[in-house]
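Q: sequence unavailable; structure follows:
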């Protein structure tokens with residue numbers, strides 16, 4: 001038996017012994033009665049007992065030293081009921097159903113899904129949701145956590161390091177393409193727009209830096225074997241590193257002035273506090289100031305505003321944008337380059353990564369603490385005494401534990417305080433499931449243990465992930481549930497090192513109207529900005545599904561103006577209203593791709609563009625699952641799927657010369673025309689001071 005297994009048996013036995021009688025125990029009684037302690041030397045026992053108490057405290061269970069003692073041998077210890085049991089907090093059936101909906105929505109798509117399941121099982125006291133069979137067709141869906149799938153081991157180690165204050169080392173690519181070793185104190189983890197970031201102190205730069213978890217190469221290693229290496233500085237403010245536009249990731253280098261016309265100024269205003277409105281100018285456009293860390297990304301964003309936006313200054317940044325647009329025009333003048341051919345027998349690597357649905361791998365890398373997991377299993381088996389046989393299917397559905405995990409833990413539970421005589425249960429596994437025979441201490445574990453900090457963190461993160469999206473018949477709003485959950489987890493949920501955030505969170509009032517339309521089959525009128533034509537229009541839609549792709553929330557609907565099924569990005573909905581006019585759901589509306597959280601599936605595209613990218617965009621292609629070839633000049637050749645030619649042209653211009661579209665010729669012509677049209681407004685210098693609105 002391994003050292004870790006010995007330790008778990010010892011800690012479980014310690015709990016069993018202390019819960020056996022409602023009184024304190026002396027050190028001598030504990031040493032003589034708890035499995036694993038009796039044959040230790042005094043020094044070894046002192047170290048092990050201290051370590052076991054510390055491990056239990058980490059999962060929310062505190063064994064207290066009671067009263068004053070003349071010596072270590074006479075010190076008394078006790079485990080109070082409130083220090084072990086989950087606080088009693090009554091959730092209504094509707095509130096429990098809302099929490100079950102959260103789990104169903106995030107199943108296999110959330111890095112913390114496993115500890116989340118154990119937390120919800122504890123809250124429900126093991127009682128399955130009566131509407132479980134109806135959860136598969138939820139009118140809300142989330143995309144899988146692709147970052148967690150690609151970099152699950154790195155994410156799990158960084159999560160542990162942030163919680164424990166451990167310094168880590170890892171290899172990370174620099175902007176010049178080279179890879180270097182980094183020594184890093186992780187303060188916080190952020191899930192922003194479907195991507196995981198670690199924020200903390202970079203020893204190499206001697207400053208706080210942000211690292212993209214999916215770009216870490218190889219393993220994440222602890223620097224030392226100490227219990228704790230660092231303490232987060234008192235002046236560290238996580239809010240300064242919350243969801244930021246991509247041009248603001250890193251140290252701020254300057255501030256740009258941008259004007260945006262009325263059709264899109266409302267959307268830019270939603271980016272506050274990352275932009276600052278200076279008011280309207282003489283033309284009725286709103287002028288904004290936008291600090292930036294990466295000028296390339298900022299310029300790409302400005303170009304993405306199309307005819308609705310213009311960069312006014314500073315002059316050198318405006319000049320840089322003009323030069324890049326000139327480069328786009330040059331690269332797309334005349335016919336495109338033919339697809340490169342390669343010598344017979346040459347093999348070029350397929351660098352793409354298939355999405356999680358194709359690999360069948362769930363994005364659940366954050367495992368619950370082994371001790372907390374075993375206690376959850378113990379409580380579940382004790383509570384199932386009336387059935388005696390617990391099926392493997394029930395264990396998987398309710399606890400999310402595999403047969404191998406259960407069988408490994410049963411060995412530990414059967415040895416729990418074997419020498420101390422405070423037996424809890426005997427469990428035997430076979431092909432049908434687990435047969436449970438409760439023993440004298442079974443009642444002590446019939447109530448769930450306190451939520452560990454990890455389980456509490458998973459619960460609060462899950463509620464924040466789903467947010468306003470769940471508003472269904474028979475389910476309370478998560479806003480009302482969250483306050484109860486916060487009371488339940490107490491300090492375990494405070495100062496969490498992990499935060500979920502969006503650059504532009506969905507507007508609560510709009511989500512409420514869309515939810516009402518989905519729930520009651522009401523028509524909804526929306527004001528929507530379509531990026532490809534660059535116009536704001538009014539649509540009447542029949543809403544069917546809210547889903548979260550990696551870049552934000554969408555609603556899948558039938559658009560009566562377009563006369564077909566359409567996908568609308570929620571952040572581009574300016575307003576939504578309904579007068580309660582009903583519609584009959586259409587049988588031909590296909591939600592299969594959207595239930596997978598995919599706003600766009602390459603397999604549904606009728607056309608593909610032949611493109612060449614500079615090496616800088618390697619990660620971009622890999623993240624989108626696009627295969628590419630490395631050309632002799634170092635560029636990357638790829639076939640990029642698209643549905644709309646105007647969208648494809650607009651996206652190509654946003655690369656500002658970092659990508660060239662060679663075919664089809666019709667799209668290539670649009671790229672040149674779009675770049676030329678934008679270039680006209682940057683032909684001369686702007687006097688930004690005269691264009692600023694009056695204060």
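A: Okay, I see it. Bear in mind that the values here come from a model prediction, so they are computed numbers and not experimental data. Numbers count the residues shown, from 1 in each chain.
Q: and the helices in the stretch 501-650 of the chain?
A: Per DSSP state H, counting those that start in this stretch, the stretch 501-650 of the chain carries helices over the ranges 508-520, 592-595, 618-623, 645-654.
Q: need those helices in JSON lines (columns: mean neighbour count).
A: For every residue, glycine as well, the C-beta is placed using N, CA and C. Shown next, in JSON lines, are these (neighbours: other CB atoms under 10 Å):
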{"stretch": "helix 508-520", "mean neighbour count": "19"}
{"stretch": "helix 592-595", "mean neighbour count": "16"}
{"stretch": "helix 618-623", "mean neighbour count": "16"}
{"stretch": "helix 645-654", "mean neighbour count": "21"}
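Q: what residues sit buried inside whichever strand or helix holds residue 257?
A: Taking DSSP states H and E as the criterion, residue 257 maps to strand 254-260. By 16 or more other CB atoms under 10 Å, the buried positions in strand 254-260 come out as 256-260.
Q: can you check stretch 535-544 too?
A: So for stretch 535-544, counting by 16+ other CB under 10 Å, buried means 536, 539-544.
Q: give me the subset of the residues you listed that lies in strands.
A: Of these, the ones assigned to strands by DSSP state E are 536, 539-544.
Q: that older thread, among the buried residues of stretch 535-544, which one sits closest to residue 366?
A: Distances from residue 366 to those, taken as CB to CB, are shortest for residue 544 (32.0 Å).
Q: hmm, residue 257 and residue 291 touching each other?
A: No: here residue 291 lies out of contact with residue 257, judged by CB atoms under 8 Å, at a distance of 11.0 Å.
Q: how near is residue 93 to residue 275?
A: Separation of residue 93 from residue 275 (CB to CB, to the nearest Å) stands at 44 Å.
Q: what number of residues lie near the closest residue to residue 614 other than its chain neighbours?
A: Residue nearest to residue 614 in three dimensions, not counting chain neighbours: residue 658, with 5.0 Å by CB to CB, 6 or more residues apart in numbering. Residues lying near residue 658 (other CB atoms under 10 Å) number 20.
Q: hmm, residue 658 is touching residue 615, no?
A: No: counting by CB under 8 Å, residue 658 does not reach residue 615; the two are 9.8 Å apart.
Q: so for residue 686, what's the pLDDT?
A: Confidence at residue 686, expressed as pLDDT, is 59.
Q: quick one on the thing from earlier: who's more crowded, residue 93 and residue 275?
A: Neighbour count, other CB under 10 Å: between residue 93 and residue 275, residue 275 has more, with 21 against 13.
Q: contacts only, for the more buried one.
A: By CB atoms under 8 Å, 6 or more residues apart in numbering, the residues touching residue 275 are 258, 268-269, 288-290.
Q: just the buried members of the residues you listed?
A: Of the contacts of residue 275, these count as buried by 16+ other CB under 10 Å: 258, 268, 288, 290.
Q: report the two of these separated the most.
A: Across these (CB to CB), the longest gap, 8.6 Å, separates 268 and 290.
Q: what touches both of these two?
A: Both residue 268 and residue 290 are in contact with 258, 275, where contact means CB under 8 Å, 6+ apart.
Q: residue 590 touches residue 565, doesn't it?
A: Yes: counting by CB under 8 Å, residue 590 touches residue 565, with 7.0 Å between them.
Q: more neighbours: those two, which one.
A: residue 565 (17 against 12).
Q: surely the more buried one touches residue 543?
A: No: the criterion here is CB under 8 Å, and residue 565 misses it with residue 543 at 11.4 Å.
Q: ranges for the strands of the stretch 151-300 of the chain?
A: In the stretch 151-300 of the chain, the strands defined using DSSP state E, counting those that start in this stretch lie at 168-173, 179-192, 195-202, 207-212, 217-222, 254-260, 276-280, 286-292.
Q: the shortest one pairs with which strands, parallel or anti?
A: Same thing as strand 276-280. strand 286-292 (antiparallel) (DSSP bridges).
Q: quick one: the strands of the stretch 151-300 of the chain as TSV, columns for distance to residue 670 and mean pLDDT too.
A: Below are the strands of the stretch 151-300 of the chain laid out as TSV (distance: least, CB to CB, whole Å; pLDDT from 0 to 100):
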stretch	distance to residue 670	mean pLDDT
strand 168-173	34	94
strand 179-192	32	92
strand 195-202	30	93
strand 207-212	32	91
strand 217-222	38	94
strand 254-260	23	96
strand 276-280	32	93
strand 286-292	28	95
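Q: so which of the ones you listed is nearest residue 333?
A: Proximity to residue 333 (CB to CB) singles out strand 254-260 among the strands of the stretch 151-300 of the chain, at 28.1 Å.
Q: and that closest one, how far out from the chain middle?
A: 30 Å (CA atoms, centre = their mean, to the nearest Å).
Q: before we move on, what about stretch 630-641?
A: Counting by CA atoms, centre = their mean, stretch 630-641 is centred 31 Å from the centre of its parent chain.
Q: just the endpoints, please. Distance across that stretch?
A: By CA to CA, to the nearest Å, the extent of stretch 630-641 from end to end equals 19 Å.
Q: then stretch 553-572?
A: Stretch 553-572 has an end-to-end distance of 10 Å (CA to CA).
Q: find the nearest non-adjacent residue to residue 265, please.
A: Using CB to CB, 6+ apart, the closest residue to residue 265 is residue 286 (3.9 Å).
Q: okay, residue 482: pLDDT?
A: What the model reports for residue 482 is a pLDDT of 79.
Q: what are the buried residues along the strand or helix carrying it?
A: Secondary structure assignment for residue 482, by DSSP H and E: helix 478-489. Under the neighbour-count criterion of 16+ other CB under 10 Å, helix 478-489 has 478, 481-482, 484-485, 488-489 buried.
Q: and the angle from that helix to helix 508-520?
A: On the basis of axes from the mean of the first three to the mean of the last three CA atoms, to 10 degrees, helix 478-489 is oriented at 110 degrees to helix 508-520.
Q: tell me the helices and strands packed up against helix 478-489.
A: If contacts are counted by 3 or more CB pairs under 8 Å, 6 or more residues apart in numbering; DSSP states H and E, helix 478-489 sits against helix 93-106, helix 453-466.
Q: list the contacts for residue 237?
A: Not one residue lies near residue 237 by CB under 8 Å, 6+ apart.
Q: how many residues are close by the nearest residue to residue 75 once chain neighbours are set aside?
A: In this structure, residue 75 finds its nearest non-sequential neighbour in residue 69, 3.9 Å apart by CB to CB, 6+ apart. Other residues near residue 69 come to 14 when the count uses other CB under 10 Å.
Q: and if you look at residue 422?
A: Using other CB under 10 Å, residue 422 has 23 neighbouring residues.
Q: what secondary structure does it sit in?
A: coil (DSSP: H, G, I helix; E, B strand; the rest coil).
Q: between the contacts of residue 275, which is closest to residue 160?
A: residue 290 (36.5 Å).
Q: report the angle between the helix or strand where residue 378 lies and helix 453-466.
A: Under the criterion of DSSP H and E, residue 378 resides in helix 370-383. Interaxial angle, helix 370-383 versus helix 453-466 (the same axes, to 10 degrees): 90 degrees.
Q: mind listing what's buried in the very next helix or strand once past helix 370-383?
A: Heading C-terminal from helix 370-383, the first helix or strand you meet, by DSSP H and E, is strand 389-391. For strand 389-391, the neighbour count (16+ other CB under 10 Å) marks residue 390 as buried.
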